[in-house]
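*Asks:* Okay, here's the prediction I keep looking at, along with the sequence it came from:
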Amino acid sequence: MMRFILPLVVFLIMAAFMYVGLGLNPHEVPSPLVGKAAPAFTLPQLHEPSRQFSPQDMKGKVWLFNVWASWCTACENEHPVFLELSRRNLVPIYGMDYKDKREDGEVWLRKHGNPYTLVVSDAEGRVGIDYGVYGVPETYVIDKQGVIQHKHIGAVTPKILDETILPLVKELQAK
Amino acid sequence: MKKCLLMLLLSLLPVFSYAGEAKDMAADPVLEKRMIGLAENLRCLVCQNESLASSHADLAEDLRREVREQMQKGLSDQEIIDYLVSRYGDFVLYDPPVKKATLVLWYGPFALLLAGAGMLIYQLRKRKSQVPEAELSDAEAQRAASLLDETPDSSDQSKDKQA
């Protein structure tokens, strides 16, 4: 009897691991930045390059930091979610145009609408490296103390927004 | 004939030029070598089965530039690795550190090997107790000895004849 049970148990354990593995997304690498202070930077604004923005300006506010680019197709998919969110006026959304030409970014925003309070331009992708960006779009939730509380890799869907991001934002705003 | 050979050799040229790491402007060959050496042990996050040294992804190029610049600033290899790990996590390392979460990764195979060896020894012992050593009666022993004593020459010859 043991002869059959043991291989069966081993098989079931392996099958369970493999089944769980099927559901995992290898492109979602947990970010070590969650729980740490958002890396400081100073970048020119997309629409007014002479003016700059730095995350220190946001102390005392909960905000979303969305990394996007005009060449990124997934950004087009998530864009309506942010447009809708900006209409609801729940949380300021700041954008970073990542590894993109300024004109391309501006044209893209004119075409698709601009949900951002402000957009900075990271043409060379240096700030992106500081934020551990490896797949655009990426969205960070940053709290009043300037600590990254959540990072979402890939397009934000209405479900993710309502079930993960917005509850977290409300909780952080109440603090 | 010579022309043919030349043509053949020429057709191989593009193959040679494609070999090697992804190229970047290397102002300082020593630094570049050090950078590539380091980047070979780091994973590109976009194409996850490629190293930072060999990847052509945009991000990999940016990261190589970052590594190069940090080297120029005089940072040690370990400091640069720490910087990248603090941004992208242990995932960038092809040689993950021993941590609670990686214990199974590091020692799991040895545990499995030990378990397998244990099982093998257990089974062999069990079998030994099940199958008693064959004991020969005197007559059988004699027959075995005579069979073994048979000169190999005779059988060889018969084989030769057949051949």
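*Replies:* That came through, no problem.
*Asks:* Buried ones in the strand or helix carrying B:Q70, by neighbour count?
*Replies:* Per DSSP states H and E, B:Q70 falls inside helix B:58-72. Neighbour-count burial for helix B:58-72, with 16 or more other C-beta atoms under 10 Å in any protein chain shown as criterion, is recorded at B:59-68, B:70-71. For the C-beta atoms, the positions are set from N, CA and C on the backbone; glycine is no exception.
*Asks:* Quick one: mean pLDDT over the host helix or strand of B:S146.
*Replies:* Assigned by DSSP H and E, B:S146 belongs to helix B:138-149. Confidence for helix B:138-149, expressed as mean pLDDT, is 87.
*Asks:* ditto for stretch B:89-105
*Replies:* Average pLDDT, stretch B:89-105: 86.
*Asks:* Against chain B, how distant is A:G146?
*Replies:* Note on A:G146: its distance to chain B, by C-beta to the nearest C-beta, to the nearest Å, is 16 Å.
*Asks:* residues contacting that residue?
*Replies:* For A:G146, the contacting residues are A:37-38, A:55-56, A:58-59, taking C-beta atoms under 8 Å, 6 or more residues apart in numbering or on different chains as the criterion.
*Asks:* try 6 Å this time
*Replies:* By C-beta atoms under 6 Å, 6 or more residues apart in numbering or on different chains, the contact list for A:G146 reads A:37-38, A:59.
*Asks:* Among these, find me the one that's closest to chain B.
*Replies:* Comparing the contacts of A:G146 against chain B with C-beta to the nearest C-beta places A:A37 closest, at 11.4 Å.
*Asks:* List the contacts of the closest one.
*Replies:* Here A:A37 is in contact with A:146-147 (criterion: C-beta under 6 Å, 6+ apart).
*Asks:* One more pass at 10 Å, please.
*Replies:* Applying C-beta atoms under 10 Å, 6 or more residues apart in numbering or on different chains, one finds that A:A37 lies in contact with A:55, A:142, A:145-148.
*Asks:* farthest residue from the center of chain B?
*Replies:* Among residues of chain B, the one most distant from the C-alpha centroid is B:A139; the distance is 55.9 Å, by C-alpha atoms, centre = their mean.
*Asks:* to the chain's geometric centre, what's the distance from the strand or helix carrying B:A117?
*Replies:* For B:A117, the enclosing helix or strand under DSSP H and E is helix B:103-130. If you compare the mean C-alpha spot of helix B:103-130 with that of the full chain, they lie 23 Å apart, counting by C-alpha atoms, centre = their mean, to the nearest Å.
*Asks:* Stretch A:145-160 too?
*Replies:* Between the mean C-alpha point of stretch A:145-160 and the mean C-alpha point of its chain there is a distance of 5 Å (C-alpha atoms, centre = their mean).
*Asks:* quick one: average pLDDT of it?
*Replies:* According to the model, stretch A:145-160 has a mean pLDDT of 93.
*Asks:* picking that back up, just the buried members of the contacts of A:A37?
*Replies:* Among the contacts of A:A37, the ones that count as buried by 16+ other C-beta under 10 Å are A:55, A:142, A:146, A:148.
*Asks:* Same list (the buried residues of helix B:58-72) but as TSV, adding pLDDT and distance to A:Y19.
*Replies:* Formatted as TSV, the buried residues of helix B:58-72 follow (pLDDT from 0 to 100; distance: C-beta to C-beta, whole Å):
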residue	pLDDT	distance to A:Y19
B:L59	87	31
B:A60	89	32
B:E61	89	37
B:D62	89	37
B:L63	91	34
B:R64	91	38
B:R65	90	41
B:E66	90	39
B:V67	92	39
B:R68	91	43
B:Q70	91	42
B:M71	91	44
